[in-house]
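[1] coords please:
(one chain, ligands or ions: 1)
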Amino acid sequence: MNISRRDFLRLLGVTGAVAGGYSRVWAVPDDWMEKIISGPRIETWKVSTCGQCPAGCGIRVRLIDDIPVRILGNPIAPVNRGFTCPMGEAGLELLYHPDRLTQPLVRTGKKGEASFEPVSWDEAIKQVEQALTTLRREKRSDRFGFILGDGNSLLARFTEEFMSGFGSPHLFPWRPPAVNELGLFQGGGIFPALAFDLNRCDYLLTFGTNLLEETPSPVHFNSLYGSLKEKRPRTGLKMIHLSPRMSHAGINATEWVKILPGSAGVLALGMVYVIIRDKFYDQEFIGKSTINIKNIREFQDMVRRNFYPDRVSELTGVPPKKIIQLARGFESARAPLALSGGTADATETALFNQWAVASLNAVSGSFSTTGLWREPAALPWGPVRENAFDPRSRSFTGKDLKPGDNALPASWAAQALPELFPQGKAPELSLLMIAQADPVFQAANREAWEGFLSRIPKVVQFASFIDDTSSFADIVLPLPTYLEQWDLTLPVPNLPFAQVGLMQPVVSPVKGPRPLGDVLVKIAADQNVKILPGARLKSYREYLQARMKQIFNSGKGTPYFEEVSLEFLQEIRKRGWQVYSYPAFSDFWRLLTEKGGWWDPDGYPDADWRGEKKFTFPTLTRLDQLFTERSFQKPSGGGEDTGRDPLAWLEERAKGAEASDIFTLVPFTTLMNITGFGASQPLLQELFGLHPRLYWQTWAEINPERAMVLDLKEGDQIRVTTEKGSFTLPVKIVPTVSADILSVPFGQGHKGSGRYGKNIGTNAIAYLDYRVDPLSGRTSWQSTQVRVEKITK
Ligand code: SF4
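    Below is the predicted model:
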């Protein structure tokens, strides 16, 4: 293909300033610029996997003279089938970002001050290893901790093995739970969460779950929603979104039902009440799956006593008639499916909501519907391991999580580390590594994190930019982008097939940054620690290949292939998935690098949940036991016990919100910036405010009724006051939020993150009261009452 220089520069997004060697928007390394100016303009494509979120979408990168100019979706990647989201498209803005870190930095000022000086990699690693050697010599390896933003990647597994090699159990994954994860784990010991198949469902209830703008896989579910909507005239599928804010999940549903913040579980049990009263419940499943019949009777009594429609209506804001209508629709559906996640997880009733929704699925017969629910996709690498948090002692146990032992995954409580530390419930750390996470920005207990990080003698951060957490790091080590390194993304939770996406360098890495995996391999080698049994690794790529060899040896699955109609799958299934010929691992590996990954569609066409029957219905006894335990309910600095049963909590909330200027602050995520990291990229900052047409700023959404009472017009400025302070935002008046809430998008208001992220907009999370769900440890985003006033000039 012949491309003119002008076209080439346009493709790359480089503007007139290129004559000076750099664009204003992008920083293109000088040797690459040389190619831009004088190269022969040869077009090539490389496949890889997007690393902007954990969904593992396959990508194709267009290169001219080996320089990436565009990212598109890989049409044969099963999870995204050629589509990407805006974050996927924006990846090149990370690669060419003018503020990327390229040299290790060490602190020169006090903690909290972002003052650093550059050092060589040798010097930086020497300092890290000195800290490690001291701990090992003193036999205090348990004082070594690691917070890892779990990108659902092999790197997370590798880091876990790295930490065990050093004898430390203190790896804290930093991730949101999968859909239905909390309830299914605590109710039935299933971890990771079950997969579900929306294609088989005819009545979908999404309690807070926004599959279109949040993990586990927004691109997959956007495209699936599209085809489900198309087929709706034939299938009659009902999709009802129940949440305080409509969101894209509500826009794309057949109906949005407004509910009060935190009330999803009460509504679900209100529906259970109707189903029991109608005697429409799944007696066979409950008979087989409950621990004993006494428990189910007690459960029924508890529901009858507490969740009758009038009371549920008061607590949820949903009229009694509507509750009955929803329940009747659900009970008479052929394949009813209820999902709980997203906003329903970000409350002080998170675990209760999830149990309640799991109960609704059990009672309605959802769990008995063939193929609707599936076991989590497994790889031939042994079970997923995660640290445990014991809710009884309110402490991290330092042991592996085992279903049924009353522990919780440590990731649910990771944000509570600073709160638990002074109580002796979290480990005392002398060395903490942090990667792919920005707790000072992302956690609601910002001040506690600042204090916690200030007390740890050596904090080592791996990052691509100076961010809010960097100010508290002693050493900052620069990371390359996902376009310059090797990794694997693992099967996406909740999806009914296993996919492993291969991330491979599509360009020679920019000089300076080093992949986290390679840095850990070097440290392990220097310290004489073996990571893979029997192997001395030279690079993270070797580890990755060894893992893929296990998949190759298992004979399961296949590298991505072109056709995925069910008929085709059934046909090749008979042939043992041998779409390609790959007699040796080298053939298999070549195919992986050409196709972009591997997947195992086994069971996809006709998996049968009924044949498995491993789920144990969350019994009343179990609920009671966990409510009684009331794990870590003390807010920072002591204060009153905030642990309440959900009914009492909601009743109290209803009392406190009567004044016309009082709202519940409810932050929400958008597809432009799910984790907050998107703020570094100008395309995402531009798109962030596309719908409200409020660009490069944060806004507040308010319902028209309440706006009228406060005499607010579109675009007026409001002051929002919480116990932590106040901030000013422009107002957007929309009927898509319930009258009780003030909804504010999450993702802006960084103190760092490069020139496009720094000091743009407001981080509402920093103003939240720090509250946790006493049963699960999840941080609540819906517990803060704020006062709103119009700013008059
Ligand atoms: S959903 Fe996630 S993995 Fe897929 S394109 Fe978007 S950011 Fe990338």
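
[2] and the host helix or strand of residue 32, average pLDDT?
    Residue 32 is part of helix 30-38, with elements assigned from DSSP states H and E. Within the predicted structure, the mean pLDDT of helix 30-38 is 77.

[3] and residue 182, how far from the ligand?
    Computed as CB to the nearest ligand atom, to the nearest Å, the residue 182 to the ligand distance reads 22 Å. Any C-beta I mention is one placed from the backbone N, CA and C, and that applies to glycine too.

[4] wait, I meant residue 55
    Using CB to the nearest ligand atom, one gets 4 Å for the distance from residue 55 to the ligand.

[5] ramachandran angles for the residue lying closest to that residue once chain neighbours are set aside?
    Nearest non-adjacent residue to residue 55, counting by CB to CB, 6 or more residues apart in numbering: residue 217, 4.0 Å away. With angles defined as degrees, to the nearest 10, residue 217 shows backbone torsions of phi -160, psi 80.

[6] can you tell me the SS state at residue 167?
    Residue 167 carries the three-state label coil when classified by DSSP: H, G, I helix; E, B strand; the rest coil.

[7] could you spell out the sheet neighbours of the following helix or strand past the helix holding residue 32, each with its direction?
    Note on helix 30-38: by DSSP H and E, the next helix or strand toward the C-terminus is strand 43-49. Applying DSSP bridges, strand 43-49 is found paired with strand 58-64 (antiparallel).

[8] so what's residue 679 closest to, chain neighbours aside?
    The shortest distance from residue 679 to any residue other than its chain neighbours is 3.6 Å, reached at residue 757 (CB to CB, 6+ apart).

[9] helices along the stretch 551-700 of the chain, start to end?
    Taking DSSP state H, counting those that start in this stretch as the criterion, the stretch 551-700 of the chain carries its helices at 566-574, 585-595, 620-629, 646-656, 682-688.

[10] mean pLDDT for those: which is lowest?
    helix 620-629 (a mean of 56).

[11] follow-up on the earlier one: contacting residues around the residue nearest to residue 55?
    In this structure, residue 217 makes contact with 55, 56, 57, 79, 80, 211, 492, 494, 495, judged by CB atoms under 8 Å, 6 or more residues apart in numbering.

[12] that one and the ligand, how far apart?
    In terms of CB to the nearest ligand atom, residue 217 sits 6 Å off from the ligand.

[13] over to residue 248?
    Applying CB to the nearest ligand atom to residue 248 and the ligand gives a distance of 13 Å.

[14] looks like that residue contacts residue 213 (just checking).
    Yes - when contacts are counted by CB atoms under 8 Å, residue 248 is listed as touching residue 213 (5.3 Å).

[15] now for these two: what residues contact both?
    Residues touching both residue 248 and residue 213 (CB under 8 Å, 6+ apart) are residue 671.

[16] for stretch 519-539, how far is the first residue from the last?
    Across its full length, stretch 519-539 reaches 9 Å end to end, with CA to CA, to the nearest Å as the criterion.

[17] show me what counts as buried in it.
    By neighbour count, and taking 16 or more other CB atoms under 10 Å as the criterion, the buried residues in stretch 519-539 are 519, 520, 521, 522, 523, 524, 529, 531, 537.

[18] which neighbouring elements make contact with whatever helix or strand the fourth one lives in?
    Just to be clear, that refers to residue 522. Assigned by DSSP H and E, residue 522 belongs to helix 516-526. For helix 516-526, the elements it packs on are helix 121-137, helix 154-165, helix 540-554, judged by 3 or more CB pairs under 8 Å, 6 or more residues apart in numbering; DSSP states H and E.

[19] can you pull up the bridge partners for the residue in the stretch 501-650 of the chain positioned nearest to the ligand?
    Closest to the ligand within the stretch 501-650 of the chain is residue 501: 8.5 Å, counting by CB to the nearest ligand atom. Beta-bridge partners recorded for residue 501 (DSSP bridges): residue 489, residue 597.

[20] list the contacts of the host helix or strand of residue 413.
    Element membership of residue 413, judged by DSSP H and E, is helix 410-413. Identification of contacts with helix 410-413 by CB under 8 Å, 6+ apart yields 150, 171-175, 177, 182, 386-389, 396, 401, 420, 632, 776-778.

[21] so of those, which ones are in strands?
    In this view, these that belong to strands under DSSP state E are 171, 172, 173, 174, 387, 388, 389, 396.

[22] residues contacting the second one?
    Going back to what we said before, that points to residue 172. The contact partners of residue 172, by CB under 8 Å, 6+ apart, come to 145, 146, 147, 148, 387, 396, 410, 411, 414, 417.

[23] before we move on, what about the last one?
    Residues in contact with residue 396, defined by CB under 8 Å, 6+ apart, are 170, 172, 387, 388, 389, 390, 410, 413, 420, 425, 426, 427.

[24] out of everything not next to it in sequence, what's closest to residue 515?
    Sequence neighbours aside, residue 485 is the residue nearest to residue 515 in space, at 4.2 Å (criterion: CB to CB, 6+ apart).

[25] residue in the protein nearest to the ligand?
    Closest point on the chain to the ligand, by CB to the nearest ligand atom, is residue 88, at 2.5 Å.

[26] what about that residue, neighbour count?
    Applying other CB atoms under 10 Å, we find 22 other residues in the vicinity of residue 88.

[27] follow-up on the earlier one: dump the contacts of residue 217 into TSV; add secondary structure as well.
    Rendered in TSV, the data for these read as follows (three-state DSSP):
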residue	secondary structure
55	coil
56	coil
57	coil
79	coil
80	coil
211	coil
492	coil
494	coil
495	coil
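
[28] after the helix or strand where residue 708 lies, which helix or strand is next?
    Per DSSP H and E, residue 708 falls inside helix 704-709. The first helix or strand that comes after helix 704-709 along the chain, using DSSP H and E, is strand 717-722.

[29] contacting residues around the residue of the chain closest to the ligand?
    Neighbouring residues of residue 88 by CB under 8 Å, 6+ apart: 50, 52, 57, 59, 71, 73, 219.

[30] out of these, which are close to the ligand?
    Counting by CB under 6 Å from any ligand atom, the subset of these that neighbours the ligand consists of 50, 52, 57, 219.

[31] which two among the residues you listed are spaced furthest apart?
    Based on CB to CB, the longest span within the ones next to the ligand among the contacts of residue 88 runs between 52 and 219 and measures 10.8 Å.

[32] could the ones in strands among the contacts of helix 410-413 go into a markdown table alongside pLDDT and distance to residue 782?
    Formatted as a markdown table, the entries for these read as follows, by pLDDT from 0 to 100; distance: CB to CB, whole Å:
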| residue | pLDDT | distance to residue 782 |
| --- | --- | --- |
| 171 | 92 | 29 |
| 172 | 92 | 24 |
| 173 | 91 | 23 |
| 174 | 92 | 21 |
| 387 | 81 | 27 |
| 388 | 84 | 27 |
| 389 | 83 | 22 |
| 396 | 84 | 26 |
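
[33] selection in ChimeraX covering whichever of those are buried, please.
    Filtering the ones in strands among the contacts of helix 410-413 down to the buried ones (16+ other CB under 10 Å) takes a single ChimeraX command:
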select :171,172,173,174,387,388,389,396
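
[34] residues of the protein that sit close to the ligand?
    Counting by CB under 6 Å from any ligand atom, the residues of the chain lying close to the ligand are 50, 52-53, 55-57, 80, 84-85, 87-88, 218-219.

[35] now those residues in JSON lines, with pLDDT?
    Written out in JSON lines, the entries for those read as follows (pLDDT from 0 to 100):
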{"residue": "50", "pLDDT": "97"}
{"residue": "52", "pLDDT": "95"}
{"residue": "53", "pLDDT": "93"}
{"residue": "55", "pLDDT": "93"}
{"residue": "56", "pLDDT": "94"}
{"residue": "57", "pLDDT": "97"}
{"residue": "80", "pLDDT": "94"}
{"residue": "84", "pLDDT": "96"}
{"residue": "85", "pLDDT": "95"}
{"residue": "87", "pLDDT": "94"}
{"residue": "88", "pLDDT": "95"}
{"residue": "218", "pLDDT": "94"}
{"residue": "219", "pLDDT": "95"}
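
[36] show me which of those residues is closest to residue 707.
    For residue 707, the nearest member of the residues of the chain next to the ligand is residue 218. The distance, counting by CB to CB, is 30.0 Å.
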